[in-house]
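Enquirer: Sequence below, structure please.
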Amino acid sequence: MNGNCHFVFGASLGVAFAMNTDKLEKILPNLTDSPETATLFVLGGLIGGIFPDIDNPVSYIGKLTVPVSTVIGKFSGLSGKTGANHRGILHEPAVYITCLILSYFFSPSLVGLFLGCISHLYLDMFTPAGIPFFKNKRIRLAKMKSGSQESINFTWFNVIVVILLGILI
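Expert: Here you go, the predicted structure:
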């Protein structure tokens with residue numbers, strides 16, 4: 001998926017969670033029902049939606065953070081993760097699931113960021129490269145090419161589903 005797909009899907013997930021901070025507070029007491037929490041969910045979803053591609057200097061976020069993405073890209077390159085095969089540690093689901101759990105307990109303001117990162121991995125599971133899973137395995141649910149009309153339609157379908165669920169829940 002391209003940066004626009006990741007950006008809009010991460011944002012929609014953040015909006016869906018922001019619409020439900022009152023309900024989330026009841027089951028997750030570390031999260032507060034406040035405008036600040038809602039804002040952090042949306043911003044976290046926006047940024048987290050594109051963050052995992054920071055290891056690729058030609059990605060949307062990579063171009064915005066050239067010095068950082070270049071350094072991360074060089075470290076990734078040492079393990080053979082370059083270009084279309086850049087999906088290294090920053091695309092590992094266990095990293096973001098762990099960060100999501102830790103942020104809930106120690107820094108709830110970052111929960112939206114890690115939800116956005118997980119949204120990125122979800123979309124990448126539908127690309128030919130998939131996402132890494134425990135070193136040498138990959139999760140690949142489809143083979144939609146990044147930027148194709150099929151991937152854009154798939155993203156918008158998911159955006160609509162997430163927003164509808166956010167409204168209905």
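Enquirer: Dump the lowest-mean-pLDDT helix or strand in the chain to CSV, keeping only the CA atoms.
Expert: Lowest by mean pLDDT, DSSP states H and E among the helices and strands of the chain is helix 66-78, with a mean of 74. The C-alpha trace of helix 66-78 is given here as CSV (Å, rounded to 0.1, in the frame of the first residue of the first chain):
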residue,chain,number,x,y,z
VAL,A,66,15.6,12.1,5.3
PRO,A,67,18.5,12.0,7.8
VAL,A,68,16.7,9.6,10.1
SER,A,69,15.3,7.4,7.4
THR,A,70,18.7,7.2,5.7
VAL,A,71,20.4,6.0,8.9
ILE,A,72,17.6,3.5,9.7
GLY,A,73,17.7,2.4,6.1
LYS,A,74,21.5,1.8,6.3
PHE,A,75,21.1,-0.4,9.4
SER,A,76,18.2,-2.3,7.7
GLY,A,77,20.4,-2.7,4.6
LEU,A,78,23.0,-4.5,6.7
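Enquirer: Contacts for that helix, please.
Expert: 54-57, 59, 61-63, 82, 86, 88-90 (CB atoms under 8 Å, 6 or more residues apart in numbering). Yep, even glycine has a C-beta here, placed from its N, CA and C like the rest.
Enquirer: And the helix or strand following that helix, what's buried?
Expert: For helix 66-78, the following helix or strand on the C-terminal side (DSSP states H and E) is helix 93-106. Within helix 93-106, the residues that count as buried by 16 or more other CB atoms under 10 Å are Pro93, Tyr96, Cys99, Leu100, Ser103.
Enquirer: on that earlier part again, of the contacts of helix 66-78, buried ones?
Expert: Ile54, Asp55, Asn56, Pro57, Ser59, Ile61, Gly62, Thr82, His86, Gly88, Leu90.
Enquirer: Identify the farthest-apart pair in these.
Expert: Spatial extent of the buried ones among the contacts of helix 66-78 (CB to CB) is set by the pair Ile61 and Thr82 at 16.4 Å.
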